[in-house]
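Visitor: Let's see this in three dimensions:
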Amino acid sequence: MNLNIKKNNFSFFKNKYNYDYNRVIGVKNQERYILYTDKKLLRVYRNNLKSQALLSSYVPIEDAIFYNFIIDSSVLDKIDLDTFIETKVYEEAGLSETEKYIIKYKIIDKLNNEKEVLIQTVIVPETYINKGYDYILKEAGYIDYISFPAFAYKTLYDENILQKADDVFIVVLFDKIFLTFYSEGELLYINTISGGLNKIYDRLEELNIKNFDIDLLKKLLLKKGFLEEKYINKEKLIYQIITEEFQNRINLINEQILNVIENYNIDKIDRIFITSEYGTIPGMNDYIKEYLNIKTFDFEFYEKYNLDRLAIDPFLFLGMLESAHAYKTKQLEYNYSFFLRKPKFIFRTSGILILSAVAITALFSVYPLYLYVKGLNYEKKAENIKLKLNEIDIQKNILSSKLVKYKKDKKYLEKEIVNNEKAINNYKNLIESIYKFKFSYLPKSQEIVDLTLLMNKYTVFLKSMSYKNDIYQMSVYTYNGDKIAKFINALVNNGFNVYFDKITKKDNKYTTTIRIEE
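Guide: Down below sits the predicted model:
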């Protein structure tokens, strides 16, 4: 008995955190489940969220931003990749410069061009992480893991729930379709297709069905879905519309599949796994299988764990499974939570200081109050240092935002410099042409002066000029479409007898030939 106590005490001091990764509590809105990974058992959870079990949730697909780009694989070792990716997504992915984001990425090296790699990013606003889980944080004060489905699929292969193959996971949302491609257990590509269940909703709305709304659409799809035999005769038109609109979505899905096969080092898609934001729609998997001739399955990955046949959100289950695997393997790079639980008291700064003070007091029984106060002072200093680090982090983010703005300003100014240099060269050419012409035809100098003033006034530039048989012939150009017309009109108003050719445009330059007779 005494030996067991010693082992338990040693284990308490050895483990820094008070959690058991074989048990995971999954929470999303009103859903609360606990997963016993070592027993492959899933149960409803009704106790307090604070426990030794890991606490997890997930980021909904619609609250994330997806962006990918291709770079030369040879540059990966030559750049600070995190900084490079952050700068690129802020500049190109339409992110708000005033918002902070959590950026997770995957380097994918299965392109047909072996010299290039794809950088696939999944971006989540920090404001969503800060506010979207208040109901969990108020009760527990921490969240051990927040997953995202596209990354969580990998755990299905790592935990041998799925055998490795070339798969596509499809989620049909109301306004889009979310596709994630995996090859041999590794993320390959993420993409979205615009338009989802809303296409079916819009068509059915035209039928003026009584009390038809989104809730009725949801009930219809979950109850009857793509099972034709479920629809009575007067509902056949509804079935026809549902299948027609979904057939259009299938065609777009097939285009994405063909695109991946063409550009990535895979020969075909072995399996499709499909669900919707409403859950499993009856007959949808068989409907896709019929048209694409690819094995198609529902998102029921949790069947072996779900002995009670619980109606669990598959993404919540995936997040729970990924949380356990991530903590077990210490691979937390795709964790979107920054509300992690604190270590055990003895591993915290305050705990170490207080325990040290108690130990010294017990050993020496001298200056107990002094040591205690000193310990508190160290803790205060540690907190001050933490605050200063937070301030530095804020300043860093502000400077990063300014850097992006300055880069944009630099591009604009460089463009302005080029334009000004063009204008200066044009004026120099004009002055040289006028100077040469003036001293070749001295009797006409006053007319030339008048022409020059009008050209300067209307920003018209001279390419060439000749005088023969009492006729001036000038080839002119400008960068503004109406400047030549205004220049010709001014010549007429100043008494010149003017004829001109058709005004042509090439490379943003407007050109014509003007003849002025004496």
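
Visitor: buried sites along stretch 317-324?
Guide: Residues of stretch 317-324 classed as buried: 317-324 (neighbour count, 16 or more other CB atoms under 10 Å). The way it works is simple: take the backbone N, C-alpha and C, and place the C-beta from them, glycine included.

Visitor: count of neighbours near residue 86?
Guide: Residues near residue 86, counting by other CB atoms under 10 Å, number 19.

Visitor: what sits against it?
Guide: Neighbour list for residue 86: 103, 400 [criterion: CB atoms under 8 Å, 6 or more residues apart in numbering].

Visitor: any idea of the mean pLDDT in the strand or helix carrying it?
Guide: Assessed by DSSP states H and E, residue 86 sits inside helix 81-92. The pLDDT scores in helix 81-92 average 93.

Visitor: likewise stretch 159-179?
Guide: 97.

Visitor: For it, measure first residue to last.
Guide: One end of stretch 159-179 to the other measures 22 Å (CA to CA, to the nearest Å).

Visitor: care to break this protein down by domain?
Guide: Taking automatic domain parsing as the domain assignment, the ranges for the chain are 18-162+303-338, 163-300, 349-403, 441-517.

Visitor: what's the straight distance from one end of the second one to the other?
Guide: Spelled out, that is domain 163-300. First-to-last distance for domain 163-300 - CA to CA - comes to 15 Å.

Visitor: measure residue 387 to residue 380 for me?
Guide: In this view, residue 387 and residue 380 are 11 Å apart by CB to CB, to the nearest Å.

Visitor: Actually, residue 390.
Guide: 16 Å.

Visitor: For the spatially closest residue to residue 270 that is not a sequence neighbour, which residues are in contact?
Guide: Nearest non-adjacent residue to residue 270, counting by CB to CB, 6 or more residues apart in numbering: residue 165, 4.1 Å away. Taking CB under 8 Å, 6+ apart as the criterion, residue 165 is in contact with 184, 270-271.

Visitor: The residues you listed in strands, which ones?
Guide: Those of the contacts of residue 165 mapping onto strands are residue 271, per DSSP state E.

Visitor: Would you write out the PyMOL command that picks the buried residues out of the contacts of residue 165?
Guide: With 16+ other CB under 10 Å as the criterion, this PyMOL line picks the buried residues out of these:
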select buried, resi 271
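
Visitor: Relative to residue 446, which of the contacts of residue 165 is nearest.
Guide: Residue 446 has its nearest neighbour among the contacts of residue 165 in residue 184, at 84.1 Å by CB to CB.

Visitor: how much space between that closest one and residue 132?
Guide: To residue 132, residue 184 is 33 Å away according to CB to CB.

Visitor: so which strand or helix has residue 417?
Guide: Applying DSSP H and E, one finds residue 417 within helix 368-440.

Visitor: any idea how far that helix is from the chain center?
Guide: Centre-to-centre, helix 368-440 and its host chain are 25 Å apart (CA atoms, centre = their mean, to the nearest Å).

Visitor: before we move on, what about stretch 134-149?
Guide: In terms of CA atoms, centre = their mean, the centre of stretch 134-149 is set 22 Å apart from its chain centre.

Visitor: who touches it?
Guide: Under the criterion CB under 8 Å, 6+ apart, residues 19, 27, 29, 48-50, 54-59, 61, 64, 104, 122, 124, 129, 133, 169, 171, 180, 315, 318-319, 322-323, 326-327, 332, 334-337, 339-342 lie in contact with stretch 134-149.

Visitor: Next step: those restricted to strands.
Guide: Residues of the contacts of stretch 134-149 located in strands (DSSP E): 27, 54-58, 104, 122, 124, 169, 171, 180.

Visitor: Around residue 191, how many other residues sit close by?
Guide: Using other CB under 10 Å, residue 191 has 17 neighbouring residues.

Visitor: Number of residues surrounding the nearest residue to it once chain neighbours are set aside?
Guide: Closest residue to residue 191 in three dimensions, ignoring its sequence neighbours and counting by CB to CB, 6+ apart: residue 179, at 5.1 Å. Residues lying near residue 179 (other CB under 10 Å) number 22.

Visitor: Does residue 179 touch residue 190 like I think?
Guide: Yes - at 7.1 Å, residue 179 counts as touching residue 190 under the criterion of CB atoms under 8 Å.

Visitor: Distance check, residue 150 against residue 105.
Guide: In terms of CB to CB, residue 150 sits 11 Å off from residue 105.

Visitor: what's the answer for residue 163, then?
Guide: In terms of CB to CB, residue 163 sits 27 Å off from residue 105.

Visitor: do the same with residue 43
Guide: Distance of residue 43 to residue 105, given as CB to CB: 35 Å.

Visitor: okay, these two: which has more neighbours?
Guide: Taking neighbours as other CB under 10 Å, residue 43 and residue 105 compare with residue 105 leading, 19 against 16.

Visitor: thinking again about what came up before, just the ones of the buried residues of stretch 317-324 in helices?
Guide: 317-324 (DSSP state H).

Visitor: now those residues in CSV, with distance to residue 257?
Guide: As requested, those are arranged in CSV below (distance: CB to CB, whole Å):
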residue, distance to residue 257
317, 26
318, 22
319, 26
320, 29
321, 26
322, 25
323, 31
324, 32
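
Visitor: So which helix or strand of this structure has the lowest pLDDT on average?
Guide: When each helix and strand of the chain is scored by mean pLDDT, DSSP states H and E, helix 2-14 comes last, with a mean of 37.

Visitor: Give me the buried entries from the contacts of stretch 134-149.
Guide: For the contacts of stretch 134-149, buried by 16+ other CB under 10 Å: 19, 27, 49, 54-59, 61, 64, 104, 122, 124, 129, 133, 169, 171, 180, 315, 318-319, 322-323, 326-327, 334-337, 339, 341.

Visitor: Which elements pack onto the helix or strand harbouring residue 256?
Guide: Following DSSP H and E, one finds residue 256 within helix 236-263. With contacts taken as 3 or more CB pairs under 8 Å, 6 or more residues apart in numbering; DSSP states H and E, helix 236-263 sits against strand 166-172, strand 176-183, strand 186-194, helix 197-205, helix 284-292.

Visitor: go again using 7 Å as the cut-off
Guide: With contacts taken as 3 or more CB pairs under 7 Å, 6 or more residues apart in numbering; DSSP states H and E, helix 236-263 sits against strand 176-183, strand 186-194, helix 197-205, helix 284-292.

Visitor: got the angle between the first one and helix 236-263?
Guide: Relative orientation of strand 176-183 versus helix 236-263 (axes from the mean of the first three to the mean of the last three CA atoms, to 10 degrees): 40 degrees.

Visitor: Residues in contact with strand 176-183: which ones?
Guide: Strand 176-183 is contacted from outside by 61, 110, 150, 153, 166-171, 188-196, 249, 253, 256, 260, 266, using CB atoms under 7 Å, 6 or more residues apart in numbering.

Visitor: Just the buried residues out of the residues you listed, in PyMOL syntax.
Guide: To isolate the buried members of the contacts of strand 176-183 in PyMOL, using 16+ other CB under 10 Å:
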select buried, resi 61+110+150+153+166+167+168+169+170+171+188+189+190+191+192+193+195+196+249+253+256+260+266
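
Visitor: roughly how far apart are the closest residue to residue 305 other than its chain neighbours and residue 59?
Guide: In this structure, residue 305 finds its nearest non-sequential neighbour in residue 42, 4.3 Å apart by CB to CB, 6+ apart. Residue 42 sits 21 Å away from residue 59, going by CB to CB.

Visitor: Can you pull out the low-pLDDT segments for the stretch 101-250 of the chain?
Guide: Residue ranges of the stretch 101-250 of the chain with pLDDT under 70: none are present.

Visitor: Next one: residue 405, what pLDDT does it get?
Guide: The per-residue pLDDT reported for residue 405 equals 74.

Visitor: Fine, thanks again, bye for now.
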